[in-house]
Structures are given as C-alpha cells and as structure tokens.
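S.K.: Sharing a model prediction with you, sequence too.
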Amino acid sequence: MIDNRILFAWDYHGVLEKDNIYAVQELCNLILGKYNTGREISIEETIQWYGLSWFDYFKLAFPEGDQDLWGEMVKDILSLQRSGWGIVSKHIKPREFAIDVLRTIRDAGHHNILISNSRPKDTFKFAEIINATEYFREIIGVATNKDSQLKQGVHTIKRKALLDFIKRSPGYRKVIVIGDKESDIRAGMDCGTITYLFCPPELADNLSAIHISAHFKINDLRDVLEQL
C-alpha cells in the first residue's frame, strides 16, 4: 500500500559532512609511514579515491605490495581509527544546512536513511560526530574494508542496501537518493529513484563529478526540500 511518506537516502562522506578527506589523508599517510613505503598520498589522490575501501586506498597508494601487506595495513588503520577518532573529529564538520534539512524532513513525517561505504559501527560513529543520529530511520554501513571493491563496484553494494531497505519498509510514495559520487547516482538510478548529485563547493574543480547524469545537480542541500 502506498502512503504519503517520502524516503530520502543519503550518502554521508562529502554530502552530510565536510573535511573528512583531510582525516583520511592523515590516517592513510600514518600507516604508509609505519610500513616505510616512502609514499604519501596527496589530497588530490584522497579526493579521487574517496568512497573506496581502505584496502583499495593502500592497493592504489602502494601497488608494489601484495594482498597480505594491504590486509595488514587495513588492520592497522582500523585499529588506529578506533583508538584515534580524535583525528577524525578534529577535521570533520557537518555540511552547511545538513542538520536543518534532516530535521525538516523528519518533522514533516518523512524518513531519512543513511547508506555509507563505511563499516556499520563506523557509519553510526560518523553520524554521531555531526550529531545527526536522531534524524535517521536507519543507519547502514556497507563496507568491510577487508577486500577490494574496485571490481564489484560500490554502486552495486549500495544498490543492494537500498533495495533491501525498501523491501523491508515498502510503501513510500517516492524515494530520493542524494550523493556526490557516480556510485550513489548509479545505485539510485538502478532502483528507479529520483537522484540528486551534490557537488561540494570545495570540490568544484573535480571533473569526475561534473559529468555524472543525475536528475538534479545541487550545491546547497536545502534544494532537496523541493520534493516535500
């Protein structure tokens, strides 16, 4: 049965938050330094790889390594992240108007969910850092960070998570997907949703975002409220 509710499915990194890219860069370079790779990733590389797993970061940053080495690096960075959320908290901030928009949607009787390419516990922690947990019907982390997602494609993982939620909670009048990556938009398109590509102002020169075919392209999160 169709009711009047609308579902807003949000990506987290680069959309509801900003500046986590600097935490990712700092954490990754600490591990690369620990293993004496002679390598540091740049902020440009961090942006280009953003949304991939930690495994992929190390595979791309240090291709001279192997599966075992990249796996050990992942274990170390996850341990460092768990004990060093201060690094993340130091950098990460809520996106302008993010909390206001989430609150407006919830208070109007509609639902927000969060689907992030982070581990489930980490996804909840990320939402907690920006004081947003109360606004989500469900917080879904889809990454294990133990394996490469380059072949499978992040969009297929996110698509499955969204379809699983819709199957468990049917009846939405429409579903809106908001993300800043091709994987978000492709997942939304595959599920037959209305898609919003959020173009972060600080990444305006990132050409990979400009050519993604979404229904709408925005740089102000308040624009999604036109769907209410």
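M.R.: Structure's in. What do you need? In this text the structure is predicted, and so the values were computed from the model without any measurement.
S.K.: Pull the CA coordinates from stretch 72-91 and hand them back as PDB.
M.R.: Provided in PDB are the C-alpha atoms of stretch 72-91 (Å, rounded to 0.1, in the frame of the first residue of the first chain):
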ATOM      1  CA  GLU A  72      47.800  -5.800   7.400                       C
ATOM      2  CA  MET A  73      47.700  -2.100   6.600                       C
ATOM      3  CA  VAL A  74      43.900  -2.200   6.800                       C
ATOM      4  CA  LYS A  75      44.000  -3.900  10.200                       C
ATOM      5  CA  ASP A  76      46.400  -1.200  11.400                       C
ATOM      6  CA  ILE A  77      44.400   1.700  10.100                       C
ATOM      7  CA  LEU A  78      41.100   0.300  11.600                       C
ATOM      8  CA  SER A  79      42.800  -0.100  14.900                       C
ATOM      9  CA  LEU A  80      44.300   3.400  14.600                       C
ATOM     10  CA  GLN A  81      40.900   4.900  13.700                       C
ATOM     11  CA  ARG A  82      39.100   3.100  16.500                       C
ATOM     12  CA  SER A  83      41.600   4.500  19.000                       C
ATOM     13  CA  GLY A  84      42.100   7.700  17.200                       C
ATOM     14  CA  TRP A  85      38.600   9.100  16.500                       C
ATOM     15  CA  GLY A  86      40.200  12.400  17.600                       C
ATOM     16  CA  ILE A  87      41.900  12.600  14.300                       C
ATOM     17  CA  VAL A  88      38.500  12.300  12.500                       C
ATOM     18  CA  SER A  89      36.700  14.600  14.900                       C
ATOM     19  CA  LYS A  90      39.500  17.200  14.500                       C
ATOM     20  CA  HIS A  91      38.700  17.500  10.800                       C
END
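S.K.: ok now it, how far from the chain's centre?
M.R.: Relative to its chain's centre, stretch 72-91 lies at 17 Å (Cα atoms, centre = their mean, to the nearest Å).
S.K.: ditto for stretch 177-189
M.R.: The chain centre lies 10 Å from the centre of stretch 177-189; the measure is Cα atoms, centre = their mean.
S.K.: please renumber so the chain begins at 821
M.R.: New numbering, starting at 821: the last item is stretch 997-1009.
S.K.: what's downstream of the helix or strand of the chain with the lowest mean pLDDT, the next helix or strand?
M.R.: Within the chain, confidence by mean pLDDT, DSSP states H and E is lowest for helix 1027-1030 among all helices and strands, at a mean of 48. Under the assignment DSSP states H and E, the closest C-terminal helix or strand after helix 1027-1030 is strand 1036-1038.
S.K.: So which elements touch that next one?
M.R.: On a contact count with 3 or more Cβ pairs under 8 Å, 6 or more residues apart in numbering; DSSP states H and E, strand 1036-1038 meets strand 1014-1018. Where C-beta positions appear, they are placed from N, C-alpha and C, glycine not excepted.
S.K.: for the strand it packs on, packing partners?
M.R.: Secondary-structure packing of strand 1014-1018 (3+ Cβ pairs under 8 Å, 6+ apart): strand 994-999, helix 1002-1010, strand 1036-1038.
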